[in-house]
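Undergrad: Coordinates for the following, if possible.
(chains A and B)
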Amino acid sequence: MSKDDKIIHEVAGSEYKYGWVSNIEEDTLAPGLSEETVHFISAKKNEPEWLLEWRLKAYRQWLKMTPPSWQNLKIPPIDFQSISYYSAPKPKKKLDSLDEVDPELLATFEKLGISLEEQKRLTGVAVDAVIDSVSVTTTFKEKLGELGVIFCSMSEAVREHPELVRKYLGRVVPPTDNFYAALNSAVFSDGSFAYIPKGVRCPMELSTYFRINAAGTGQFERTLIVAEEGSYVSYLEGCTAPQRDENQLHAAVVELIALDDAEIKYSTVQNWYPGDKDGVGGVYNFVTKRGICEGRRSKISWTQVETGSAITWKYPSCILKGDDSIGEFYSVALTRNRQQADTGTKMIHIGKNTRSRIISKGISAGQSQNSYRGLVSINKGAENARNYSQCDSLLLGDQCGAHTFPYLDCSNPTAQIEHEATTSKIGEDVLFYCRQRGMDEEEATALIINGFSREVLKKLPMEFAVEAQKLLAISLEGSVG
Amino acid sequence: MMITANDVKSKLIENFNVFELNLQEDESNPIAEIRKEALKKFAAMGFPTRRHEEWKYTPVSKFLKYDFEPRTFTDHGAPDEEDLADAGIPGLRANVLFFVNGHYQAARSKILEEDKFEFRDIASAINDEDPYLLSRLNSVIDREKDPFIWLNQAYMRDGAMIRIKDHVKLQYPIYLVNMELPSKGNYLDNVRHLIRVGDHCEASIISNYINRSGEDRNLGNYFIQLEIGDHSHVDFYTLQYELGKGLHIGNHEVQVGTKSTFSTFFFSSDGRLVRNVSNIILRGEHSEGHMYGLYSLDGNDHCDNRTVIDHAVPNSFSNELYKGILDENSVGVFNGKIMVRPGAQKTNAYQHNPNIILSRGATLHAKPQLEIFADDVKCTHGATSGQLDEEHLFYLRSRGLDAANAKALLTYAFAYEVVEKVKIPALREFLEKRIQGKLLIHD
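TA: Numbering: from 1, shown residues only, chains lettered A, B, ... in the order given. Take a look at the predicted model:
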């Protein structure tokens, strides 16, 4: 085995670093899905009648749907009856400070390197920590409250701001949008809700850390962000999950709504358990993320760093409805061992002078399969629409695959679309150059991969960029050292 | 009552016996079994719908609204002077093989280089149970699961079987004229062309499709199998300027041997429904595949270009350039795939698909794909869509051209990048004139 091969094998074979199970008492519903399950979840959360109806409608529709099969993924059949649809840390008395939070929970965050206190004190990031479906603690609420920014868990939003939730929930991703969105709509347990009032520039990055915790518990998050006229918000979502052999289903829905002149920046670092090197276990990440640039001159920007999950199926999309609105998608997807990813974006141009930009970087190692799938659709009325897409894939090892499936649909002669894609391995000349400057192969590979992903990583907020780089490094450990 | 694709399908399955009886083929002929097998496959697949990924943008069932009948009678029709003029390419000296309504017409054909290649019509090859024919019928690859291939196999009656021996350089191209004449009824013509090129050969083949009925009541279903040996150079030209409102399905399955070069050229500018499928398998090392296409559409034309270049072995090269000009209410589809098989290291593959949309009614669907299972490769694809550059138009206007001519000239320049790749001078001139005529360039 040459040294090259050795490095590649090490990269491909390294085990998941963030695998542990924290022992927090759970209030878990027995596995199974029926109308009763939906009733139970809704009752448990003291939801109003309309929301229960909304869930039931989604559930009934879901029964008629079949899981999608067009994607370039091999998904083992999922038994939806063997999943527990509700799991929440036992309710405790209202907390006023972090001291009252379950110490074990705090330790979990500590291991992840995101101590709440640290963040509260040093970085000024408000964290709405979601552990297994129910928000446990929300910080910086007061400070945000002064500006009128609402940032809370979805259940709280349903209680405190029903009019907003009712107005916007399901507006971008209708309950019957697709199989997994329907499932989510029926059984979503909790999630985050953010509302930025007119003209407010949110003073800090809003952030949620997701963790899947109880064995056999599906996680069905629902996130809704509404940016009123002229407002700005940057939202961070990051996740790691403990190691175990049972496949876990995660079917989240994220909806973004940007009104006139508003801007939403949504960043994700995803590092759920990818399964071991033989492909056993790992999270199934089937997510529907979509934003609508409802108003004129609004902007939605998706940035994602995807390194985890056994199977990733997600297409953060932008509907560019308002004139002069902008959609952006920046993605780094890294797969190794037997991971599979089919991810990309959709840019739907409806308004005039709408612009979109897609930068996608795929890195495949081991026996993984990494696909980019994207749609750029220019509707008849989208005068002077403009799109630029670039999809680059890097292959490490001769047993992985990199695939590109872009779809361009254009019905307007004034629109301009450009798409380009490349696939290659790390050039020997590039490696050689680094080597002759005194770097060993591991360092050189790390440097090149870092450079390859740079265009996307630099779009992440500062706090995240560091973590994302760390993640890429850990994921490629062996070559990165 | 409205006829649907399902009706067409069930009728094709039910009436197969009648077709067989009419054929009067020997019962012991192995072709009977091959036909039955193919019909089974067709029955299992049915006509594709929009849910069929490869047919997403071409709703073929929309066009299957007459009860198409496979032609069984032997009246081949006789083309008149005007028809023949359409088939002629001025100044082209070629080995002409003439097919009318899917049947070979010896009287219209003219083979200049009889000593260099072997030709026989498929109809007689079927009767003689030609072993080469049978071996090819039994080795259809059909990676895409295309029902039209199996429909063709079940109902095929005639076509050209061409074999070029090793070390032969053809001086003149082989010119296949595929003409459909107006007839009463709605016919489905299933034509098969089988071409085998030996080692160390050079050959050009032109296939021209002419539908004189000009209506969407005739469906030409062509399946062309091309097998190229080692160290050979083959150019294959497809012309679709005379399809009127006809329906045309063309499947091409090409296998390229070691150190051989294969080039295809598609010029499509007509047809209510045209679907060209090129499935090229580079199965020998150091082989090359070049694909050029120009679809300039107007009216209600619908042209679907599906290309697959399959790099099955290491060290192969492919280059693809498909250009589209879409006017009026036309629909242009480009769906090109670069496939690199596991172990096909050192593959270089390029693909480019620029499009110009000239009118509000026109629609473009582009789907360039890369499927790569080997790491030491360089593969790129690009696709663009836009309109003519304002500044270029202004420049020409400032030099005294009127708006229409400036537009036509720029569009012509866009198209010329593909036309100039044509290696046969008479054919290139012919294409230049056709495109100029279409764009209405005048002095």
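
Undergrad: where does chain A have low pLDDT?
TA: Scanning chain A for pLDDT under 70 picks out A:1-27, A:87-141, A:208-218, A:239-247, A:463, A:470, A:473-481.

Undergrad: Domain ranges for it, per the record?
TA: Following automatic domain parsing, chain A resolves into domains at A:3-314, A:429-481.

Undergrad: Could you pull up phi and psi at residue B:422?
TA: Main-chain dihedrals, residue B:422, degrees, to the nearest 10: phi -70, psi 130.

Undergrad: Check residue A:77 too.
TA: According to degrees, to the nearest 10, residue A:77 has phi -60, psi 140.

Undergrad: next one: residue B:392
TA: phi -60, psi -40.

Undergrad: Run a quick neighbour tally on it.
TA: If you count neighbours by other CB atoms under 10 Å in any protein chain shown, residue B:392 ends up with 14. Bear in mind the C-beta positions are built from the backbone N, C-alpha and C, glycine included.

Undergrad: before we move on, what about residue B:309?
TA: 27.

Undergrad: Next, it: secondary structure please.
TA: Three-state assignment for residue B:309 (DSSP: H, G, I helix; E, B strand; the rest coil): strand.

Undergrad: contacting residues for it?
TA: Residue B:309 makes contact with B:280, B:282, B:289, B:291, B:318, B:320, B:336, B:337, B:338, B:339, B:349, according to CB atoms under 8 Å, 6 or more residues apart in numbering or on different chains.

Undergrad: Just give the nearest non-adjacent residue to it, would you?
TA: residue B:318 (4.5 Å; CB to CB, 6 or more residues apart in numbering or on different chains).

Undergrad: Touching, the one you found and residue B:340? I think so.
TA: No. Residue B:318 is beyond contact range of residue B:340, at 9.8 Å (criterion: CB atoms under 8 Å).

Undergrad: Assign a three-state SS to the residue most central in space within chain A, would you?
TA: Taking CA atoms, centre = their mean as the criterion, residue A:268 is the residue nearest the geometric centre of chain A, at 5.0 Å. Put simply, residue A:268 is strand when judged by three-state DSSP.

Undergrad: Next one: it relative to residue A:351, how far apart?
TA: 26 Å (CB to CB, to the nearest Å).

Undergrad: count of residues packed around residue B:65?
TA: Around residue B:65 there are 16 residues (other CB under 10 Å).

Undergrad: Check it and give its pLDDT.
TA: On pLDDT, residue B:65 comes in at 86.

Undergrad: on that earlier part again, contacting residues around the residue nearest to the centre of chain A?
TA: A:236, A:237, A:238, A:302, A:303, A:304, A:305, A:306.

Undergrad: mind running it again at 7 Å?
TA: Counting by CB atoms under 7 Å, 6 or more residues apart in numbering or on different chains, residue A:268 makes contact with A:237, A:304, A:305.

Undergrad: Name the member of the residues you listed with the most neighbours.
TA: Within these, neighbour counts (other CB under 10 Å) peak at residue A:305, which reaches 29 neighbours.

Undergrad: Tell me who's in contact with whichever residue of the stretch 1-150 of chain B sits closest to chain A.
TA: Of all residues in the stretch 1-150 of chain B, residue B:53 sits closest to chain A, at 6.4 Å by CB to the nearest CB. Residue B:53 sits next to residue A:70 when contact means CB under 7 Å, 6+ apart.

Undergrad: Quick check: phi and psi on it?
TA: phi -50, psi -40.

Undergrad: repeat for residue B:6
TA: Note on residue B:6: backbone dihedrals following degrees, to the nearest 10 are phi -70, psi -40.

Undergrad: Near chain B, which residues of chain A are found?
TA: A:70, A:395-398, A:401-411, A:413-425 (CB under 7 Å from any CB of the partner chain).

Undergrad: what about residue 224, neighbour count?
TA: No chain was given, so I picked chain A. 24.

Undergrad: should've been chain B
TA: 24.

Undergrad: ditto for residue B:317
TA: Applying other CB under 10 Å, I find that residue B:317 has 19 neighbouring residues.

Undergrad: Test my guess that it contacts residue B:288.
TA: Yes. Taking contacts as CB atoms under 7 Å, residue B:317 lies within contact range of residue B:288: 4.7 Å.
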